[in-house]
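# fold the stuff below for me.
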Amino acid sequence: MEVNRFVIQKGLDRQLVLYWYQGRGRVVANEYTNKALLMLDAARLHRTNGGLVRLIAPITSTTEGADKALSAFAVLLFPHLDRHLP
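Coordinates of the predicted model:
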């Protein structure tokens, strides 16, 4: 699945962020696409709820190491999210 990936930094502390929008059985990385789909859902289903999933991990040595660990966590987490999101 496609997700947004950013490295953020404050001072010397760096963190890797993965985030996406999820709801009604779909995963969307693009903010504008998500907003368009929410408008369609409002017209069709009279619902506009959904979820933003954001995962953050510290970068302790390399960005690649943090990316590998956070991606592995996302793979384990993903199957459980549909139970908690609309």
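# now the strand or helix carrying K35: mean pLDDT?
Assignment of secondary structure by DSSP states H and E places K35 within helix 31-45. Mean pLDDT, helix 31-45: 95.
# mind listing what's buried along that helix?
34, 37-38, 41 (16 or more other CB atoms under 10 Å). For glycine as for every other residue, the C-beta is placed from the backbone atoms N, C-alpha and C.
# next one: stretch 58-77
Burial within stretch 58-77, assessed by neighbour count using 16+ other CB under 10 Å, is assigned to 59, 66-67, 70-71, 74.
# and the helix or strand following the helix holding K35, C-alpha only, in CSV?
The element immediately downstream of helix 31-45 (helix or strand, assigned by DSSP H and E) is strand 51-58. Coordinates of the C-alpha atoms in strand 51-58 are reproduced here as CSV (Å, rounded to 0.1, in the frame of the first residue of the first chain):
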residue,chain,number,x,y,z
GLY,A,51,-9.1,7.8,10.4
LEU,A,52,-5.6,9.2,10.1
VAL,A,53,-3.0,6.6,11.0
ARG,A,54,0.3,8.0,12.0
LEU,A,55,3.3,5.9,13.0
ILE,A,56,6.5,7.5,14.4
ALA,A,57,9.8,5.9,15.2
PRO,A,58,13.1,7.5,16.4
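# each with direction, which strands does strand 51-58 pair with?
In its sheet, strand 51-58 lies beside strand 13-23 (antiparallel), with partners assigned from DSSP bridges.
# what strands line up against the helix or strand just after the partner strand, and which way round?
Heading C-terminal from strand 13-23, the first helix or strand you meet, by DSSP H and E, is strand 26-28. Each strand paired with strand 26-28, and its direction, by DSSP bridges: strand 13-23 (antiparallel).
# quick one: contacts of the partner strand?
Where contact means CB atoms under 8 Å, 6 or more residues apart in numbering, the residues beyond strand 13-23 that reach it are 1-9, 27-29, 31, 34, 49-59, 63, 66-67, 70-71, 74, 81, 85-86.
# filter those residues to the buried ones?
The buried subset of these - by 16+ other CB under 10 Å - is 3, 28, 34, 50, 53, 57, 59, 66-67, 70-71, 74, 85.
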